[in-house]
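J.: Provided below are the primary sequence and the corresponding predicted coordinates.
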Amino acid sequence: MGRRSALRSGSPGVQPSRRAFLAGTALALATAACGRSSPVGAASSGATTTMRIGAIPDQDPEVLQRLHGTVADSVSAALDLDVVYAPVTDYAAAVSLFRTGDLDLVWFGGLTGVQARLQAPGARLIAQRDVDEDFHSVFVVNASTGLAPSDDLRPLAGLRFTYGSETSTSGRLMPAWFLQQAGVDPQGFPGGPGFSGSHDATLQLVASGSYQAGVLNEQVWTSRSAEGAVDPAVVPYSRTPGYHDYHWLLGPRAAERFGGDVAERLTAYFTGLSADDPDDAAVLALFGAGSFVPARASDYDRIEEIGRSLGLVR
């Protein structure tokens, strides 16, 4: 616990090197995502003992930096490893860099986690949040549509509509599935659906009127609403049924680099976080979770099935 506290308080012996690494890694990862050679290749060969944590860029980059930088410090202290957060440019880059071994532990959504696991045989599910066992999306509309909250998704069919990222579980996959089940063509919106790229961007585009409706992660909707950050022009319309979503996934080469029991140690770390411990509570609060629980591949069988039916998993 002492080590953890020292790291969080900005120990000069750790934080400067971490910031320098982040700056270099962000550039290196972005370069790698573009398919060019980079120093990231050295990491793939096992030339470093630094564990690189990544995440799909589903929110504002500053929010993600604060969230996953804190997690990196906490995991570092708990497992006595050098751990850094390496931001990536888009969802596809997170999957690609996980496959090549340039990211060791990644916070994936349900769909991207399935895609990454299929491309990296031997990858291990580490944990999911309690809220990920029953996750939801929220359809929102611009107030000018005059639509009142409803469980009937059919009135959305005639509106200009945007999803989040093309491979987002809560911002595209599951909403598209529920639209289809309601008799709405998920690709049939006037002019075709948009893809905002993130949940925050969806809110901005519906607020501006660029799109009349959209859909996003319920947790982001709830958080931004509580912060007073949602434009009054955006109002909730409908909430989807529950499904499994985000989880931590560990790369197949991690055991070679960090020890054969690293998966079990990570699972024990996440599932051992306690709301009664101030340091642990800070991590849980950033994730909007009451706790972390073990995750199983079978939790995401439905995601894989729907992804295949919509052509998003091959």
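T.: Yep, it's here. Fair warning: this is a prediction, and the values are worked out from it, not measured in the lab.

J.: can you show me the helices along the stretch 201-314 of the chain?
T.: 218-227, 254-258, 262-272, 278-287, 301-309 (DSSP state H, counting those that start in this stretch).

J.: I misspoke; the intended subject was the stretch 51-200 of the chain.
T.: 61-79, 91-99, 110-119, 174-181, 199-208.

J.: mind giving me JSON lines with these and columns for distance to Asp231, mean neighbour count and mean pLDDT?
T.: No exception for glycine: its C-beta is placed from N, CA and C like everyone else's. JSON lines is the format used below for the helices of the stretch 51-200 of the chain (distance: least, C-beta to C-beta, whole Å; neighbours: other C-beta atoms under 10 Å; pLDDT from 0 to 100):
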{"stretch": "helix 61-79", "distance to Asp231": "18", "mean neighbour count": "19", "mean pLDDT": "91"}
{"stretch": "helix 91-99", "distance to Asp231": "25", "mean neighbour count": "24", "mean pLDDT": "94"}
{"stretch": "helix 110-119", "distance to Asp231": "28", "mean neighbour count": "24", "mean pLDDT": "96"}
{"stretch": "helix 174-181", "distance to Asp231": "20", "mean neighbour count": "21", "mean pLDDT": "96"}
{"stretch": "helix 199-208", "distance to Asp231": "4", "mean neighbour count": "22", "mean pLDDT": "96"}
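
J.: Ile303 is nearest to which of the ones you listed?
T.: Relative to Ile303, the nearest member of those by C-beta to C-beta is helix 110-119, separated by 4.2 Å.

J.: and the angle from the closest one to helix 301-309?
T.: 80 degrees (axes from the mean of the first three to the mean of the last three C-alpha atoms, to 10 degrees).

J.: next one: helix 110-119 to chain centre, how far?
T.: A distance of 12 Å separates the centroid of the chain from that of helix 110-119, by C-alpha atoms, centre = their mean, to the nearest Å.

J.: what packs against it?
T.: Identification of packing neighbours for helix 110-119 by 3 or more C-beta pairs under 8 Å, 6 or more residues apart in numbering; DSSP states H and E yields helix 91-99, strand 247-250, helix 301-309.

J.: quick check: buried residues in the last one?
T.: Residues of helix 301-309 classed as buried by neighbour count (16 or more other C-beta atoms under 10 Å): 303-304, 306-307.

J.: got the helices of the stretch 51-200 of the chain as JSON lines, with distance to Ala275 columns?
T.: Shown next, in JSON lines, are these (distance: least, C-beta to C-beta, whole Å):
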{"stretch": "helix 61-79", "distance to Ala275": "14"}
{"stretch": "helix 91-99", "distance to Ala275": "28"}
{"stretch": "helix 110-119", "distance to Ala275": "25"}
{"stretch": "helix 174-181", "distance to Ala275": "28"}
{"stretch": "helix 199-208", "distance to Ala275": "25"}
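
J.: and stretch 268-285, how far out from the chain middle?
T.: Between the mean C-alpha position of stretch 268-285 and that of its chain there is a distance of 19 Å (C-alpha atoms, centre = their mean).

J.: what's the answer for stretch 119-127, then?
T.: 16 Å.

J.: follow-up on the earlier one: of the helices of the stretch 201-314 of the chain, which approaches Tyr237 most closely?
T.: Using C-beta to C-beta, the nearest of these to Tyr237 is helix 218-227, at 11.2 Å.

J.: can you pull the buried residues of the closest one?
T.: 218-221, 223-224.

J.: shaky segments in the protein?
T.: Applying pLDDT under 70 to the chain picks out residues 1-48.

J.: now Asp280: closest residue in space that isn't a chain neighbour?
T.: Of all residues not flanking Asp280 in the chain, Leu273 sits nearest, at 4.2 Å (C-beta to C-beta, 6 or more residues apart in numbering).

J.: dump the residue contacts of that neighbour.
T.: 280, 283-284, 291-292 (C-beta atoms under 8 Å, 6 or more residues apart in numbering).
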